[in-house]
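[1] predicted model and sequence follow; I will ask about them next.
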Amino acid sequence: MTDLSGKLRATDHLSAAARVVVAAAGSTLAAGLSLLLVATWLVVGMVDGFSQHWFALLHAVASAVTFVMVFLIQHTNSVETRAVLLKLDELIRATEGARDELIAAEQRPLNEQEHLAQR
């Protein structure tokens with residue numbers, strides 16, 4: 001096994017993990033747990049008096065989670081978009097009479113895409 005194949009496997013594992021996290025974050029269970037967490041935070045905050053430390057901790061945790069989730073969602077979206085584009089390219093190749101110049105149109109500059117759309 002070469003280093004390249006090892007890196008590809010690690011990338012595949014990370015990609016799969018990102019898809020699992022994004023799917024779990026969008027689940028009903030995650031929404032329910034988020035509501036429970038916010039309610040708990042509010043109750044403990046009321047009992048504790050909403051100290052400055054309490055707000056700082058909330059801000060730090062929320063910022064960190066948001067930062068990570070943005071990249072996970074973007075990665076998952078990019079993978080899914082690439083798969084859809086590959087499928088569309090294959091349909092163009094397989095369809096008689098389809099315009100082959102539309103294959104990989106998403107990689108062309110905007111002015112070329114507009115020119116293709118006008119044909």
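    That came through, no problem.

[2] going forward, measure contacts between C-alpha atoms and count neighbours the same way
    Noted.

[3] now the residue nearest to the spatial centre of the chain. Nearest residue, chain neighbours left out?
    Compute the mean C-alpha point of the chain, and by Cα atoms, centre = their mean the closest residue is Ile73, 1.8 Å away. Using Cα to Cα, 6 or more residues apart in numbering and skipping residues adjacent in sequence, the residue nearest Ile73 is Val22, 6.2 Å away.

[4] I'd like the next helix or strand past the longest helix seen in the chain.
    For the chain, the helix with the greatest residue count under DSSP state H is helix 52-94. Elements were assigned by DSSP states H and E; along the chain past helix 52-94, the next helix or strand is helix 110-118.

[5] which residues touch that next one?
    Helix 110-118 is contacted from outside by Leu102, Ala105, Glu106, using Cα atoms under 8 Å, 6 or more residues apart in numbering.

[6] neighbours of the closest residue to Ala105 other than its chain neighbours, how many?
    Distances taken as Cα to Cα, 6+ apart place Gln113 nearest to Ala105, at 6.4 Å, with adjacent residues excluded. For Gln113, the count of nearby residues is 14 (other Cα atoms under 10 Å).
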